[in-house]
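Enquirer: 3D model of this:
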Amino acid sequence: MKKMTLLYFLFLSFVVSATDYNVLDFGAKADGITKDTKAIQKAIDTCSKNGGGNVVIPSGKTIVIGTIYMKDFVTLHIQNGAVLLGSPNIEDYTTDTHKNMYKNEKHMDRCLIFARNAKSFGITGFGTIDGNGYFKNFNNKIGRPMLIRFMNSNNIHLKDVTLKNSAAWTSAWLYCNDILVDGIKIISRVNNNGDGLDFDGCTNVRVSNSSFDTSDDSICIQASLKEKPSKNIVVTNCTFTSKWAGMRIGLLSRGDIESIAVTNCTFHDIEDAGLKIQLNEGGEMKNMSFSNLIMKSVPRPIFMTFAQQRACVDAPKEMYPMKAMHHFIFDGIIVDNSALNKDSAIFITGMPNNDITDIQLNNIQMIVAGGGTIADAKKTNFKEYTLEVLDGWWPEFHLVGTLPAYGIFARHVQGLSVDNFEIKTIGKDHRYPIVFDDVKDGTIVSATSNYKKITKAKYIN
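Expert: Numbering: from 1, shown residues only. All right, here's what the predicted structure looks like:
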């Protein structure tokens, strides 16, 4: 009986190991110098052809590659202590990996790991994918490859790995469905446009337990094609620090973006905005909830714009009609901007005759530095985010500049409710805590500034 049991476990061990494809067995030198692209691709192709399994990058090895292609039923497993290192030579990155969907950014068309029309595949393990994307290797003239681009693919998992040093975006997910990202770390600071996760026209996405340190937006949710919405996306238990935004939703917005939930996250040392929500290419944006968030040194905790601008590389010359941006709840947010300058308010703006509608700001605590002047408080004229004013670029905060409010400034909004809002200033500030400009049906249920009750907003129009 004992002999039979031993044979059974040996058989099981053989079956399990038979699904592992160690890249060393396919000719990879793994010396950190030799380009092992062909060996890695052969292992992936063989694994997929045989029905799937794990392509293993073994511990203690550094393997240099150019572009590789993920296939059906393959899990690229990078063991703890292993490094998959991008080649420093742009010629090792192929040109058949689709393109970046933003205008004027062809230099980011190539990528290191690509998948098209693939199903049930993933990247796992506690090892590292290093894009080797330093300025000495890549720039706008030479080209700056992304680390990962997956397109028209389904059932994808990305777990536990560290992704670092991309020459451009860390990842672009185009028109994919059923995505799980869990326990990853992204460090992308060695070059420009170091986005973390960019989901474009994706559905059923879950991102959790991950950390981001990026030179551009840490997570983006967008829709570059009218027929490919982004929807049913959950982000939870993550930490963000960024040279630009923690999370950007929109900008690329030809398609609809809806049903987004972000919860239990921290944002710190963000240089632009915590939540940057921007509709401008003719899609509809709706039904989003943001809750249980902590932000420290985040100049604009919430920055929302409804504007007009062409962002997509395939956008037609004629401008899109403006549709609708509606139903957003922000609940349970703590903001400590005591170490920043006076430009650190919540800023929400639509356009004349194109309101953002149905917004709730509930249970929010803010500490700000103060410093607003009497002249700042009297400011009533602001540039609108029209096509003419934007002049080909994005609707950024600097076009408006210092606001007449140190807490909340909203304009061109219909249906805005503020409940249990507390704000404190470290220094004296001559501005108003809450200012409304062309806000219809704005309600302050409960709010205080430096412990004094706020009964109504200051209306300037």
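Enquirer: so where's the protein uncertain?
Expert: By pLDDT under 70, the low-scoring segments of the chain are 1-18.
Enquirer: domain ranges for it?
Expert: 21-216, 219-461 (automatic domain parsing).
Enquirer: Throw those domains into JSON lines and include mean neighbour count, thanks.
Expert: To be clear about C-beta, it is placed using only N, CA and C from the backbone, and glycine gets the same treatment. Listed next are the domains of the chain as JSON lines, based on neighbours: other C-beta atoms under 10 Å:
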{"stretch": "domain 21-216", "mean neighbour count": "21"}
{"stretch": "domain 219-461", "mean neighbour count": "20"}
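Enquirer: Could you check what's spatially nearest to Glu91, not counting adjacent residues?
Expert: In space, and not counting its chain neighbours, Glu91 is closest to Gly66: 8.0 Å by C-beta to C-beta, 6 or more residues apart in numbering.
Enquirer: what's near enough to touch that neighbour?
Expert: 35, 37, 86-87, 89, 91-94, 112 (C-beta atoms under 8 Å, 6 or more residues apart in numbering).
Enquirer: Just the ones of these in strands?
Expert: Counting by DSSP state E, the part of the contacts of Gly66 found in strands is 35, 86, 112.
Enquirer: Distance of the second one relative to Thr62?
Expert: According to C-beta to C-beta, to the nearest Å, Gly86 and Thr62 sit 11 Å apart.
Enquirer: which residues of the stretch 351-461 of the chain fall in strands?
Expert: 356-368, 405-425, 432-449, 452-453, 458-459 (DSSP state E, counting those that start in this stretch).
Enquirer: Quickly list what the residue nearest in space to the middle of the chain is bridged to.
Expert: Geometric centre of the chain, nearest residue: Ile219, 1.1 Å, by C-alpha atoms, centre = their mean. Under DSSP bridges, the beta-bridge partners of Ile219 are Leu197, Met247.
Enquirer: what sits against it?
Expert: Neighbours of Ile219 in contact, by C-beta under 8 Å, 6+ apart: 196-199, 207, 212, 235, 238, 240, 246-248.
Enquirer: now Cys47, what's its secondary structure?
Expert: helix (DSSP: H, G, I helix; E, B strand; the rest coil).
Enquirer: how close does it get to Ile123?
Expert: 13 Å.
Enquirer: With Gln222 instead?
Expert: On the measure of C-beta to C-beta, Gln222 and Ile123 end up 22 Å apart.
Enquirer: where's the closest residue to Asp272 other than its chain neighbours relative to Ile129, distance?
Expert: In space, and not counting its chain neighbours, Asp272 is closest to Trp244: 4.6 Å by C-beta to C-beta, 6+ apart. The gap separating Trp244 from Ile129 is 22 Å, by C-beta to C-beta.
Enquirer: likewise Arg431?
Expert: Distance from Arg431 to Ile129, by C-beta to C-beta: 47 Å.
Enquirer: all helices of this structure, in order?
Expert: 2-18, 37-49, 374-377, 387-390 (DSSP state H).
Enquirer: which residues does the closest residue to Thr124 other than its chain neighbours bridge with?
Expert: The spatially closest residue to Thr124, leaving aside those adjacent along the chain, is Lys159, at 4.6 Å (C-beta to C-beta, 6+ apart). Applying DSSP bridges to Lys159 gives these bridge partners: Asp182.
Enquirer: Setting aside sequence neighbours, what's the nearest residue to Gly283?
Expert: Excluding the flanking residues, the one nearest Gly283 by C-beta to C-beta, 6+ apart is Ser253, at 4.4 Å.
Enquirer: quick one: contacts for His196?
Expert: No His there; residue 196 is Gly. Here Gly196 is in contact with 169-171, 186, 188, 212, 214, 217-219 (C-beta under 8 Å, 6+ apart).
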